[in-house]
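**Q** Provided below for reference: sequence and predicted model.
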Amino acid sequence: MYFVARLIGKAIAFLSPLLKQGGGTSAPGMALLKIHSDAFSKLTGTLPKGSIFVSATNGKTTTTRFLSEIISSSGTNCISNSSGANLKSGIATALLTKKPDQEIGVLEVDEAALPEIVGESKPEMLILMNLFRDQLDRHGELESIANRWHQMVMDLPNHTKLIVNADDPTLAHLGLQRTGTVFFGLGNAFDYSHEELQHASDSTNCPECQAPLSYSQATLSHMGNWECTKCDLTRPKLNFEASEIQLDGLTQSNFAVLNNSNRYQVTSKLPGIHNVYNALAAFTAASELNVDPNLIASTIRQTDAAFGRTEKVVIDQLELHILLAKNPAGANANIDTVLLHNGPVHLCVLLNDRIADGRDVSWIWDVDYERFFDRIETLHIGGERAYDVALRFLYGGFENDEIMIFDSIPKLLNNLVSSIPANSQIFVLPSYTAMLDFRDELVKRDLTHAFWKDGS
């Protein structure tokens with residue numbers, strides 16, 4: 001039966017692109033798992049060097065891309081779900097279509113699906129990067145995910161290497177429950193930190209005693225250098241620390257990685273403090289896999305953005321910068337990134353409310369759009385919930401007559417091209433499915449590749 005299930009899954013994977021039914025990134029695995037309930041553990045068992053799982057609310061696609069590129073550069077062929085299909089069906093699809101010489105899986109995993117997937121596959125390495133409020137209608141409150149992750153960490157096999165972002169208090173507390181956890185985080189990043197926690201911060205109380213946390217450095221949402229104001233819980237000692245951080249506008253990020261007495265200089269094409277976290281997570285994981293640090297740094301320097309994640313597309317002498325914004329923490333991080341740009345801001349915000357976005361779009365009221373109101377020269381708004389976004393900007397104090405709302409992506413894109421001066425940079429902040437819709441239109445105009453071809 002397993003052989004038949006694999007055959008059917010592979011047939012669907014082959015036919016989907018030919019029949020223009022998408023990239024076949026999830027349907028093959030869905031069919032396989034429906035036919036054979038134990039197929040997932042069997043598939044992960046075909047990897048001679050096991051699997052590495054990367055999970056987070058934000059940044060898992062980019063970190064997985066960094067790490068898969070690093071491992072491939074080191075001479076080990078790996079399979080990765082580069083299309084971003086990170087539920088069980090999408091991961092099963094990636095494993096189903098792997099080539100015979102691919103020895104290790106480097107796979108991003110949806111945070112809600114992670115405990116089940118880890119339980120069935122016993123990974124060699126697990127990388128936990130952050131937990132933010134996201135898709136409350138599907139995930140529930142943040143604490144529900146954290147509780148399930150806690151049990152998952154307690155049940156990890158001894159051989160699984162756990163790598164944790166110590167700047168996230170909830171995750172650091174999880175990591176401290178297990179001996180041998182490897183912690184990473186930011187050192188001195190005061191030039192790019194906030195004077196106080198953003199109001200959209202999620203985990204602001206001690207995970208041990210529930211007293212308020214105190215921060216000497218707040219980098220992104222509730223992440224930073226923290227300590228409890230009541231008990232003795234503090235951010236764990238960092239095994240890998242990013243320091244000497246220099247963000248060069250939208251061009252690149254530079255920082256040093258400190259590990260014990262070693263120091264390595266790292267440059268990435270990806271801007272923003274959130275991408276420093278992503279690159280540092282990949283550096284940490286690769287180092288724990290005994291990859292040469294100089295090779296790690298060299299590969300990070302050459303790695304381009306994943307689709308929709310600070311992706312740049314050129315159209316008629318305009319640069320479109322697509323920055324996925326699907327929750328308050330991610331949107332605020334993107335605003336930080338846009339503010340690194342010195343010139344006027346041509347902004348485009350796209351919002352949908354489909355299942356993959358989360359039906360509840362009230363999160364836009366926790367985004368600090370006001371921070372760049374005085375920099376916005378043009379504002380284009382689209383997507384199925386465009387009027388919700390327009391209302392958010394109006395209540396924030398943005399001028400009504402400067403808001404342009406469009407009922408279709410083609411019309412919006414045409415207006416961007418026709419109305420914005422040549423050689424300008426346009427910042428597109430879309431929710432997840434809105435990003436896919438926007439990129440689909442770019443694909444139709446032969447301006448970029450289909451998302452399922454990313455990394456191929």
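**A** Sure, I can see it.
**Q** contacts, neighbours, all on C-alpha from now
**A** OK.
**Q** tell me the helices and strands packed up against the helix or strand that contains T93.
**A** According to DSSP states H and E, T93 maps onto helix 88-96. If contacts are counted by 3 or more Cα pairs under 8 Å, 6 or more residues apart in numbering; DSSP states H and E, helix 88-96 sits against helix 2-18, helix 27-35, helix 39-44.
**Q** need the least confident one among those helices, by mean pLDDT.
**A** Among the helices and strands packed on helix 88-96, helix 2-18 carries the lowest mean pLDDT, a mean of 57.
**Q** next, the closest residue to G50 other than its chain neighbours: phi, psi?
**A** Leaving aside its chain neighbours, G50 sits nearest to I104 (5.3 Å; criterion: Cα to Cα, 6 or more residues apart in numbering). Here is the backbone geometry of I104 (degrees, to the nearest 10): phi -140, psi 150.
**Q** near the spatially closest residue to S74 that is not a sequence neighbour, how many residues? Count them for me, please.
**A** Distances taken as Cα to Cα, 6+ apart put V291 closest to S74, at 6.7 Å, once the chain neighbours are dropped. Counted with other Cα atoms under 10 Å, the neighbours of V291 add up to 18.
**Q** so V291: helix, strand or coil?
**A** Following DSSP: H, G, I helix; E, B strand; the rest coil, V291 is assigned to coil.
**Q** quick one, phi psi at it?
**A** phi -80, psi 140.
**Q** quick one: name whatever helix or strand follows the helix holding T93.
**A** strand 104-108.
**Q** which helices and strands sit right next to that next one?
**A** Contacts defined by 3+ Cα pairs under 8 Å, 6+ apart place strand 104-108 against strand 51-55, helix 60-73, strand 78-79.
**Q** now those as TSV including distance to F398, mean pLDDT and mean neighbour count?
**A** Formatted as TSV, those follow (distance: least, Cα to Cα, whole Å; pLDDT from 0 to 100; neighbours: other Cα atoms under 10 Å):
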stretch	distance to F398	mean pLDDT	mean neighbour count
strand 51-55	36	98	25
helix 60-73	33	97	25
strand 78-79	46	95	22
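**Q** tell me how many other residues crowd the residue nearest to L174 when sequence neighbours are not counted.
**A** Of all residues not flanking L174 in the chain, H150 sits nearest, at 5.9 Å (Cα to Cα, 6+ apart). H150: 18 surrounding residues under other Cα under 10 Å.
**Q** hang on, H150 is in a helix, isn't it?
**A** Yes - under three-state DSSP, H150 falls within a helix.
**Q** surely it touches H173?
**A** No - between H150 and H173 there is no contact, the gap being 9.1 Å when judged by Cα atoms under 8 Å.
**Q** circling back: closest one to L324 among the helices and strands packed on strand 104-108?
**A** For L324, the closest of those is helix 60-73, at 11.2 Å, according to Cα to Cα.
**Q** the closest one - contacts with which helices or strands?
**A** Where contact means 3+ Cα pairs under 8 Å, 6+ apart, helix 60-73 is packed against strand 51-55, strand 78-79, strand 104-108, helix 273-288, helix 293-302.
**Q** buried deepest among these, which one?
**A** With neighbours taken as mean count of other Cα atoms under 10 Å, these reach their highest mean count in strand 104-108, at a mean of 27.
**Q** next one: it to chain centre, how far?
**A** Put simply, strand 104-108 sits 15 Å off its chain's centre (Cα atoms, centre = their mean, to the nearest Å).
**Q** swap in stretch 256-272?
**A** For stretch 256-272 - counting by Cα atoms, centre = their mean - the centre lies 19 Å from the chain centre.
**Q** mean confidence score for it?
**A** Stretch 256-272 carries an average pLDDT of 96.
**Q** contacts for that stretch next, please.
**A** 239-245, 247-255, 279-280, 293-294, 297-298, 300-305, 310, 333-334, 336-337 (Cα atoms under 8 Å, 6 or more residues apart in numbering).
**Q** in it, what's buried?
**A** For stretch 256-272, the neighbour count (16 or more other Cα atoms under 10 Å) marks 256-259, 265-272 as buried.
**Q** likewise for stretch 416-433?
**A** Buried, per 16+ other Cα under 10 Å, within stretch 416-433: 416, 425-433.
**Q** what packs against whichever helix or strand R439 is part of?
**A** With secondary structure defined by DSSP H and E, R439 is part of helix 432-444. Secondary-structure packing of helix 432-444 (3+ Cα pairs under 8 Å, 6+ apart): helix 409-419.
**Q** quick one: low-confidence parts of the stretch 101-250 of the chain?
**A** For the stretch 101-250 of the chain, the stretches with pLDDT under 70 are 135-140, 199-200.
**Q** show me where it has helices.
**A** 114-121, 136-139, 142-154, 169-175 (DSSP state H, counting those that start in this stretch).
**Q** before we move on, what about the stretch 301-450 of the chain?
**A** Remark: helices assigned in the stretch 301-450 of the chain by DSSP H, counting those that start in this stretch are 328-338, 386-396, 409-419, 432-444.
**Q** so which of these gets nearest C348?
**A** Relative to C348, the nearest member of those by Cα to Cα is helix 409-419, separated by 8.8 Å.
**Q** can you list contacts of that closest one?
**A** With Cα under 8 Å, 6+ apart as the test, helix 409-419 has contacts from 315-316, 318, 380-383, 406, 437-438, 441.
**Q** returning to that earlier point: buried set for the helix holding R439?
**A** 432-440, 442.
**Q** next up, the contacts around the most centrally placed residue in the chain.
**A** The residue lying closest to the centre of the chain (Cα atoms, centre = their mean) is G59, at 2.1 Å. The contact partners of G59, by Cα under 8 Å, 6+ apart, come to 129, 274-275, 278.
**Q** and of these, the nearest to E399?
**A** Nearest to E399 among these, counting by Cα to Cα, is H274 at 30.3 Å.
**Q** who's in contact with the closest one?
**A** By Cα under 8 Å, 6+ apart, the contact set of H274 is 59, 220, 333.
**Q** for those residues, which one is nearest D134?
**A** Distance to D134, by Cα to Cα, is smallest for G59 among the contacts of H274, at 13.0 Å.
**Q** tell me the domain ranges of this protein?
**A** For the chain, automatic domain parsing gives the domain ranges 46-84+102-302, 309-453.
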